[in-house]
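1. what's the 3D shape of this:
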Amino acid sequence: MNDANVDASKVEEREAIVDADKLNADNLEEMQRMIGQQRKAQLESALGKTPETVAAERTQFLKSLVGYGAVFLIVGGIAILWGLLYFPAACAVAGYTRSFTATMNPLVGLDTIKRLGTSYILILVMGLLLAIAATLVSGVLSVIFSPFDLPSMGNLPAKAIGSLFGFYLSVVFSCIIGYALYKAADRLKLAR
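-> Below is the predicted model:
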């Protein structure tokens, strides 16, 4: 009976040692994983995020966005479309009324669109062409100044020159709206 107790205690000791070794191996794997994450975080803080991290974040964002469902996407799409189509009218209303409430009132904007007629379609087309030009110039500038791309700050020279070009295009867009308002002053009942 003593031999059975001794054998049972030896078996228990061996099982305890095996369990401890397994626990140490699990802890070691966990510590190595934590050390790897810490190293990655240090590198990202100094050099910026790795392309794999950026891709993983974008994938996670898209998965969460799709999770909200089609209703969110439809409402968002309608809002973006309304904003793109109404923006020139809002700028025109703001220009000739100088009133924030009139600018935000969609009835005033829709009346302006109706009175401008085909001129409003031309304003939309010119606005689209200006947006395409801004995108092309921004892309060309980012390629030209790609050697100056900083990890956490971006391409500063391309952003600066692109901002100047964007300002110029916004002035051109304002001139287009002003010219359309000048030509349609009688239809909009504006004083000359």
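2. Helices of this protein, start to end?
-> For the chain, helices defined by DSSP state H occupy the ranges 2-47, 51-67, 70-97, 100-104, 106-116, 118-144, 156-183, 185-188.
3. got any ranges where the chain has weak pLDDT?
-> Where the chain drops to pLDDT under 70, the residues are 1-11, 13, 16-21, 23, 25, 192.
4. got the domain boundaries for it?
-> Using automatic domain parsing, the domain parsing of the chain gives 1-67, 70-192.
5. Mean neighbour count added to these, as TSV?
-> Heads up, the C-betas are built off the backbone N, CA and C, glycines and all. What follows is the domains of the chain, written out as TSV (neighbours: other CB atoms under 10 Å):
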stretch	mean neighbour count
domain 1-67	10
domain 70-192	14
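6. closest one to residue 150 among the helices of the chain?
-> Proximity to residue 150 (CB to CB) singles out helix 156-183 among those, at 6.8 Å.
7. Show me what the closest one is packed against.
-> Packed against helix 156-183, as judged by 3 or more CB pairs under 8 Å, 6 or more residues apart in numbering; DSSP states H and E, are the following elements: helix 70-97, helix 118-144.
8. What distance do you get for the nearest residue to residue 191 once chain neighbours are set aside to residue 31?
-> Excluding its sequence neighbours, the residue lying closest to residue 191 (CB to CB, 6 or more residues apart in numbering) is residue 185, at 7.9 Å. Here the criterion is CB to CB, to the nearest Å. By it, residue 185 lies 76 Å from residue 31.
9. what's the answer for residue 122, then?
-> To residue 31, residue 122 is 67 Å away according to CB to CB.
10. Same check on residue 130?
-> 57 Å.
11. Please consider this matter closed, and thank you.
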